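Student: Build the 3D model from these lines:
(one chain, ligands or ions: 1)
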Amino acid sequence: MLAGQRRFLQHETAMAILIDEKKRVLVQGITGREGQARTRLMRDYGTNVVAGVTPGKGGQVVLGVPVFNTPQEAVNSLGQVDISVVFVPAAGVKDAAISALDAGIKLAVLVPDRVPVWDAMEIAAAAKANGAMFLGPNTLGALSPGKGVVGMIGGRAESARQWFKPGVPKGVGVISRSGGMASSTGYYLGQAGVRISTIVHIGGDAVIGIRLPDAALMFEADPFTEAIVIFGEIGSSQEEELAQLIVDRKITKPVIAYIGGKAAREGTRFSHAGAIIEGGRGTHAGKVKALREAGAIVVDAFGELPNAVVQILKKMKGQSVMSEADKNAVWNTAITRVEPNRVAVRGYDIAELMGRVSFGAAVHLILRGELPSPPIARLMEAILVSSIDHGATPPSALAARTVASTGASLSASVAAGIMSINRHHGGAIEDCARQLKAIADRAARESISMDEAATRTLTAMREAGERMAGFGHRLHTKDPRTARLFELAREAGVDGVHMQATRAVERAFADAKKSVPINVDGAIGAILADLGMNPAAFNGIFMIARTPGLIAHVIEEQTRERPMRRIDPVNHGYDGPAPRSLTTNEHK
Ligand SMILES: CC(C)(COP(=O)(O)OP(=O)(O)OC[C@H]1O[C@@H](n2cnc3c(N)ncnc32)[C@H](O)[C@@H]1OP(=O)(O)O)[C@@H](O)C(=O)NCCC(=O)NCCS
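Tutor: Modelled structure (predicted):
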């Protein structure tokens, strides 16, 4: 295994803190004004919003998201939820948050302001009892550039994409005690070419869940965060506690801070409930001194912060500063970086990949963004081999040969073949995956077994005159490719809900005394879906696999046959090599 492959397998989910594109998010108050508007914005930015909750409105659908009466109902129906973001007016926040935490959701993000302190304390007790965390109240939430946002940081997705630079390969973590300044800090860092792993607004109230030192410890533990940028303010002892963590070597990454509220006098509340100097504690001077003595950089003016961060990153040869070319870019691609004498696919040097990873692994890398483990690489390779050709009768081979017989070029002839790969040719891979997912979702939603969900779905499909894609074959009763793919999938430990649903469908057909076994398209669809591949790429994977076959047909047509011949679609023989095996010497 390559070192990078190992790294990926160990840290697949550690590329940001609190929120990323994989976290399953619930929106409480989704039917309300703000809940609805923010759901749209969060989804536009890439957040995986799976459900909403408003008591009494269960069964509705908002922006395609199913609404439930309680978080527990949502979890029962859809499975684990990672984060709940609460857009419920202050008086209802305590009940909303506690119901989310009691449903096993490990992070509640509490956006509303004016939540009573006693309520926040009760939420804290519930979080502790459930081994969970909460951000806020009175928080704009958290945003991991390029991955996802929970709450209200960044506004429109398009602006957020322009302002905050994704922390790839690495970024700095931003912790702010002010909502507005959380976005501003992210924006000015982006202008200075600094990449960000996550921006966290911890909230301005006196009692909050994740405090500044907690967030700093999360960034310390995140291997993709190189330095920690703080927008602090007067009041509370959070900055002093952070200084102590640095002294105790519990925070070892560079800390660069600005502390607001220099001009505030004792007893004046500075903007937030938590920003008050009482009894000489929490002063601006005290915080600056504690942090500087601990070794942190504290700038005197906010405008100096971005440059101070750049200087530190340059000194440590950090990867969070953008090159001039990246800074000046007007659009970005995340696939391949090409520089003089270096080509890197999804970050991997192409020369390092060559001869070390299979083509199947490289296809996984380019489409999924990550290298697969060796057994999954073998499975990908097998999928590509399984579809390399299926004789001269499939529409793609006939189309390619027909166009080739007119004297068209290789590219035009192969393109004609590719153009015939559509919904009814190769498309069963994607259709089958979607239908299997619908069966698995139904089993979860209606709390029934997968077998029952398959039977009900097939009955409904039969009544509607629809067919289950990926099952049955016009020629093979026992497709030789399917058994082998399932064997390799078993070896790779791929057995998610799609694979389980295929078995349930086969049993349901058998119960109905029908012999409709899964075919190669169905098997590939189930496997690719369980691997987490985007269904939009499934037909593409079939095209990748079939292209060598099409090239062979075009060349054979143009070298062996007369131009403009009338091609019989069925009646053709085979005069290639006699059957042979890898286990004999003949292929050597
Ligand atoms: C939370 C807040 C955004 C809600 O405002 P809003 O969207 O205008 O309020 P709405 O009344 O339209 O919507 C609230 C929804 O929550 C629902 N709700 C109430 N209790 C609920 C609960 N326990 N669970 C889920 N939903 C609940 C309501 O039924 C309502 O939905 P409906 O309109 O379909 O009935 C607002 O009260 C607020 O606090 N704003 C300030 C936020 C802020 O600035 N934060 C920090 C910045 S630094």
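Student: Residues of the chain that sit close to the ligand?
Tutor: Within the chain, the positions lying close to the ligand (C-beta under 6 Å from any ligand atom) are 28-29, 31-35, 53-55, 57, 87-90, 92, 95-96, 111-113, 138-140, 179. Placement of C-beta: from N, CA and C, glycine included.
Student: of those, buried ones?
Tutor: Among these, those scoring as buried are 28-29, 31-32, 34-35, 53-54, 87-88, 92, 96, 111-113, 138-140, 179 (criterion: 16 or more other C-beta atoms under 10 Å).
Student: what sits against Ala129?
Tutor: Leu101 (C-beta atoms under 8 Å, 6 or more residues apart in numbering).
Student: And Ala127, by the same measure?
Tutor: Neighbour list for Ala127: 101, 108, 133-134, 209 [criterion: C-beta under 8 Å, 6+ apart].
Student: and it, what helix or strand is that in?
Tutor: Ala127 belongs to helix 117-129 when assigned by DSSP states H and E.
Student: Report the distance from that helix to the chain centre.
Tutor: Relative to its parent chain, helix 117-129 has a centroid offset of 31 Å by C-alpha atoms, centre = their mean, to the nearest Å.
Student: Tell me the buried residues in that helix?
Tutor: Those buried within helix 117-129 under the rule 16+ other C-beta under 10 Å are 119-120, 123-124, 126-127.
Student: JSON lines please, covering those residues and showing pLDDT.
Tutor: Below are these laid out as JSON lines (pLDDT from 0 to 100):
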{"residue": "Asp119", "pLDDT": "98"}
{"residue": "Ala120", "pLDDT": "98"}
{"residue": "Ile123", "pLDDT": "98"}
{"residue": "Ala124", "pLDDT": "98"}
{"residue": "Ala126", "pLDDT": "98"}
{"residue": "Ala127", "pLDDT": "98"}
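Student: CSV please, covering these and showing distance to Pro71.
Tutor: Listed next are the buried residues of helix 117-129 as CSV, based on distance: C-beta to C-beta, whole Å:
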residue, distance to Pro71
Asp119, 17
Ala120, 19
Ile123, 14
Ala124, 18
Ala126, 12
Ala127, 14
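Student: Which of the buried ones among the residues of the chain next to the ligand fall in helices?
Tutor: Residues from these lying in helices, with DSSP state H as the criterion: 34-35, 92, 96, 179.
Student: so which of the residues you listed would you say is closest to Ile551?
Tutor: Of all these, Gly35 has the smallest distance to Ile551: 53.4 Å, by C-beta to C-beta.
Student: can you tell me which residues contact the residue nearest to Val75 when sequence neighbours are not counted?
Tutor: Leaving aside its chain neighbours, Val75 sits nearest to Ala103 (4.9 Å; criterion: C-beta to C-beta, 6 or more residues apart in numbering). Contact partners of Ala103, counting by C-beta under 8 Å, 6+ apart, are 70-72, 74-75, 81.
Student: And for Ile335?
Tutor: By C-beta under 8 Å, 6+ apart, the neighbours of Ile335 are 345-346, 366.
Student: now swap in Asp82 and tell me
Tutor: With contact set as C-beta under 8 Å, 6+ apart, Asp82 has these partners: 23-25, 105-107.
Student: pLDDT at whichever residue of the chain sits closest to the ligand, what is it?
Tutor: Using C-beta to the nearest ligand atom, Gly32 is the residue of the chain that sits closest to the ligand, at 1.9 Å. Per-residue confidence (pLDDT) for Gly32: 97.
Student: Phe270 too?
Tutor: Taking Phe270 on its own, its pLDDT is 62.
Student: remind me, longest strand of the chain?
Tutor: The longest strand of the chain (DSSP state E) is strand 225-233.
Student: okay, the contacts of Ala103 in a markdown table with distance to Pro395 and neighbour count next?
Tutor: Shown next, in a markdown table, are those (distance: C-beta to C-beta, whole Å; neighbours: other C-beta atoms under 10 Å):
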| residue | distance to Pro395 | neighbour count |
| --- | --- | --- |
| Thr70 | 51 | 18 |
| Pro71 | 49 | 25 |
| Gln72 | 50 | 16 |
| Ala74 | 44 | 26 |
| Val75 | 45 | 20 |
| Val81 | 44 | 22 |
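Student: Okay, and which of these map to helices?
Tutor: In helices, defined here by DSSP H, the members of the contacts of Ala103 are 71-72, 74-75.
Student: Out of the residues you listed, name the two that are farthest from one another.
Tutor: So, those by C-beta to C-beta: farthest apart are Gln72 and Ala74, at 7.3 Å.
Student: Show me how the record splits the protein into domains.
Tutor: 18-137, 164-332, 372-562 (automatic domain parsing).
Student: what about the residue of the chain most remote from its centre, distance to Thr406?
Tutor: In terms of distance from the mean C-alpha position of the chain, Arg562 ranks first, at 51.8 Å (C-alpha atoms, centre = their mean). Per C-beta to C-beta, to the nearest Å, Arg562 is found 12 Å from Thr406.
Student: for Gly136, same thing?
Tutor: According to C-beta to C-beta, Gly136 stands 67 Å off from Thr406.
Student: And Thr70, by the same measure?
Tutor: For Thr70 relative to Thr406 (C-beta to C-beta), the value is 65 Å.
Student: what's the average pLDDT for the lengthiest helix in the chain?
Tutor: Taking DSSP H as the criterion, the chain has its longest helix at helix 538-560. Mean pLDDT, computed over helix 538-560, is 97.
Student: Next: stretch 224-239.
Tutor: Across stretch 224-239, pLDDT averages out at 96.
Student: same check, this time on stretch 180-192
Tutor: 96.
Student: so is Pro174 in a helix, a strand, or just coil?
Tutor: Heads up, residue 174 is Val, not Pro. strand (DSSP: H, G, I helix; E, B strand; the rest coil).
Student: give me every residue that touches the nearest residue to it once chain neighbours are set aside.
Tutor: Closest residue in space to Val174, ignoring its immediate chain neighbours: Ile199 at 4.3 Å, by C-beta to C-beta, 6+ apart. By C-beta under 8 Å, 6+ apart, Ile199 lies in contact with 142-145, 153, 164, 174, 176, 182-183, 185-186.
Student: at 7 Å instead, please
Tutor: Contact partners of Ile199, counting by C-beta atoms under 7 Å, 6 or more residues apart in numbering, are 142-143, 153, 164, 174, 182, 186.
Student: Next, work out how far apart it and Gly282 are.
Tutor: 24 Å.
Student: ok, which stretches of the stretch 351-500 of the chain are strands?
Tutor: Using DSSP state E, counting those that start in this stretch, the stretch 351-500 of the chain contains no strands.
Student: gap between the residue lying closest to Ile297 once chain neighbours are set aside and His498?
Tutor: Among residues not flanking Ile297 along the chain, Ile256 sits closest, at 4.6 Å (C-beta to C-beta, 6+ apart). Plainly put, Ile256 is 46 Å away from His498 if you go by C-beta to C-beta.
Student: quick one, what contacts the residue nearest to His272 when sequence neighbours are not counted?
Tutor: For His272, ignoring the flanking residues on the chain, the nearest one in space by C-beta to C-beta, 6+ apart is Gly204 at 2.9 Å. Shown in contact with Gly204 (C-beta under 7 Å, 6+ apart): 138, 177-178, 271-275.
Student: For the longest helix of the chain, buried residues please.
Tutor: Residues 538-547, 549-550, 553-554, 557-558 are the ones in helix 538-560 that count as buried (16+ other C-beta under 10 Å).
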